[in-house]
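J.: My questions concern the predicted model and sequence given below.
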Amino acid sequence: MDLHDLTAAYALDALDADEAEAYERHLGQCEECREQLAELNETATALAFGTVAAAPPERLRASILDAAAAERANVVPLLRRRWVARGLAVAAAAAACIVVGLVVSQSQSTQKQVFAVFVDRNGNATITATGLGSAPSGKTYEAWVIPATGPAKPAGLFSAGATTTVHLKGTVPPHASVAVTIERAGGATKPTTKPIFSATA
Amino acid sequence: MNRQLAHLSDEALVALAARSEQTALAELYDRYGRAAYGLALRVLRDQALAEDAVQDAFLAVWRTAARFVPERGKASTWILTLVHRRAVDTVRREQRRRADSLELAPEPATEGVEEDAWLRLQRERVQEALRHLPDAQREALELAYYGGFSQSELAERLGQPLGTIKSRMFTGLSRLREQLGEPGTEISWTSTT
């Protein structure tokens, strides 16, 4: 069986289980197939839009969200909630400004990451990050201001420390988002990776 | 409906879902739930099974959002791939279709369905692109994708060598890609509110 030949069938979910497994193992070693699969998979998925989309029953949305909430309910430990409350209180007291976003996350290394964004009445903004590790070699953290419409604007590069405070370039208009991505050293003109943090004013 | 995240990209929403932001999952559902359900219903032809497939897929999004890699493809592609895979797994497990003839279920009637305008345009565009394919290639794509038939089943039932089926799928998808490929008409969510 020539595994290169299976890319289209895999993209269409037209392989039997054992063929699919063999192909997935092959993918791990074949850059060419990975690239081709990304393309063909996108085209195969276009077929999803080629059929009449009847409205799902209303109950399905609630059912999904309830099940999701039930699954994740135990994941937020009390400690984390205290961190959040404490971060908010300290920030509000110190800056007398508006907290627009605060995200606490547990990275893969179990390091706690806390991001807080403060925007004052003039739109000047600060991101405070705690527990953020150094950016990977050859990369940098880049902050962005993303208006409600229009492209993201670069708002500064930074590297991480134990606690990092970044004053953003430019101002944050109402309803804009602030995000942080990891970009190649020197920064990018538009975000190229998934934000590690984003919040909306 | 809470649309406070409406300006965020699909990929940003997946990132937020990875951080247990439930409103992000809700927004993704509001964008793709309808296409997902339409697809599952087309493959499964059973409302209860289609609902299960969509629910399973969105919970998989919720559970594995942290592992989503935007460089490897769009979030919408990822979500609908999860839906399709579950629908196909189910239809093969159910075995009911095995007794049916190879005929595809007819395209569901549009009458009486209040179709979202944007989704209607997308549907017409994909159907138009499919019409440009040679019949044998279109048949292979439709039977595989909407019918859930594996390449081996298609080879057997169409009385063709497996290599022929593989090549119809590959050439068919490549041509479809060209047909759909005009810039600026990429299929993805756009704000309708």
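T.: Yep, that arrived.
J.: Now do the buried residues in the lengthiest helix in chain B.
T.: Secondary structure assigned by DSSP state H gives helix B:22-44 as the longest helix of chain B. Residues of helix B:22-44 classed as buried by neighbour count (16 or more other Cβ atoms under 10 Å in any protein chain shown): B:24-44. Backbone N, C-alpha and C define where each C-beta goes, glycine included.
J.: hmm, it touching chain A?
T.: Yes. Helix B:22-44 lies within reach of chain A by Cβ under 8 Å from any Cβ of the partner chain, at B:22, B:25-26, B:29-30, B:33-39, B:41-42.
J.: how about the strands in chain A?
T.: Listed in chain order, the strands found in chain A under DSSP state E are A:98-106, A:112-119, A:125-130, A:139-146, A:153-158, A:163-167, A:177-184, A:197-200.
J.: With mean pLDDT, distance to chain B and mean neighbour count as extra columns, can I get those in TSV?
T.: Shown next, in TSV, are those (pLDDT from 0 to 100; distance: least, Cβ to the nearest Cβ, whole Å; neighbours: other Cβ atoms under 10 Å in any protein chain shown):
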stretch	mean pLDDT	distance to chain B	mean neighbour count
strand A:98-106	48	5	17
strand A:112-119	72	10	22
strand A:125-130	80	14	22
strand A:139-146	89	8	23
strand A:153-158	90	14	19
strand A:163-167	80	19	14
strand A:177-184	86	7	22
strand A:197-200	76	6	23
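J.: In this structure residue A:157 contacts residue A:144, no?
T.: No. The pair residue A:157 and residue A:144 does not pass the contact test of Cβ atoms under 8 Å, sitting 10.9 Å apart.
J.: how is chain B carved up into domains?
T.: Per the record, chain B has its domains at B:1-100, B:110-185, by automatic domain parsing.
J.: For chain A, just list every one of the helices.
T.: Using DSSP H, helices in chain A cover A:7-11, A:17-27, A:31-46, A:58-72, A:78-95.
J.: worst-scoring helix or strand of the chain, pLDDT-wise?
T.: Just so you know, I chose chain A. Lowest on mean pLDDT, DSSP states H and E among the helices and strands of chain A sits helix A:78-95, with a mean of 42.
J.: Switch to chain B, please.
T.: When each helix and strand of chain B is scored by mean pLDDT, DSSP H and E, helix B:96-99 comes last, with a mean of 54.
J.: residues in contact with the residue nearest the centre of chain B?
T.: The centroid of chain B falls nearest to residue B:80 when counting by Cα atoms, centre = their mean (4.7 Å). Applying Cβ atoms under 8 Å, 6 or more residues apart in numbering or on different chains, we find residue B:80 in contact with A:45, A:48, B:32, B:35-36, B:39.
J.: Residue A:43 and residue A:11 touch, don't they?
T.: Yes. The criterion here is Cβ under 8 Å, and residue A:43 meets it with residue A:11 at 7.4 Å.
J.: Per-residue pLDDT of residue B:74, please?
T.: With respect to pLDDT, residue B:74 scores 90.
J.: hang on, isn't it packed against residue B:11?
T.: Yes. Counting by Cβ under 8 Å, residue B:11 is a contact partner of residue B:74 at 7.5 Å.
J.: Could you say which of the helices of chain A is packed most deeply?
T.: helix A:7-11 (a mean of 26; mean count of other Cβ atoms under 10 Å in any protein chain shown).
J.: For it, list the C-alpha coordinates in CSV.
T.: The C-alpha coordinates for helix A:7-11 follow below in CSV (Å, rounded to 0.1, in the frame of the first residue of the first chain):
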residue,chain,number,x,y,z
THR,A,7,-4.3,11.6,1.3
ALA,A,8,-7.5,12.4,-0.6
ALA,A,9,-9.3,9.5,0.9
TYR,A,10,-8.2,10.4,4.4
ALA,A,11,-9.3,14.0,3.8
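J.: any chance you could map the strands in chain B?
T.: Under DSSP E, chain B gives no strands.
J.: Low-confidence bits of it, can you list those?
T.: Chain B contains residues with pLDDT under 70 at B:1-3, B:95-115, B:182-193.
J.: cutoff 80 now
T.: B:1-4, B:6, B:71-72, B:95-118, B:182-193 (pLDDT under 80).
J.: per-domain residue ranges of chain A.
T.: Taking automatic domain parsing as the reference, chain A has its domains at A:3-54, A:78-200.
J.: which of the domains of chain B is buried the deepest?
T.: With neighbours taken as mean count of other Cβ under 10 Å, the domains of chain B reach their highest mean count in domain B:1-100, at a mean of 20.
J.: what about the domains of chain A, which gets the closest to residue B:147?
T.: Smallest distance to residue B:147 across the domains of chain A (Cβ to Cβ): 9.4 Å, for domain A:3-54.
J.: Residue A:200 is in contact with residue B:4, correct?
T.: Yes. Using Cβ under 8 Å, residue B:4 is in contact with residue A:200, at 6.9 Å.
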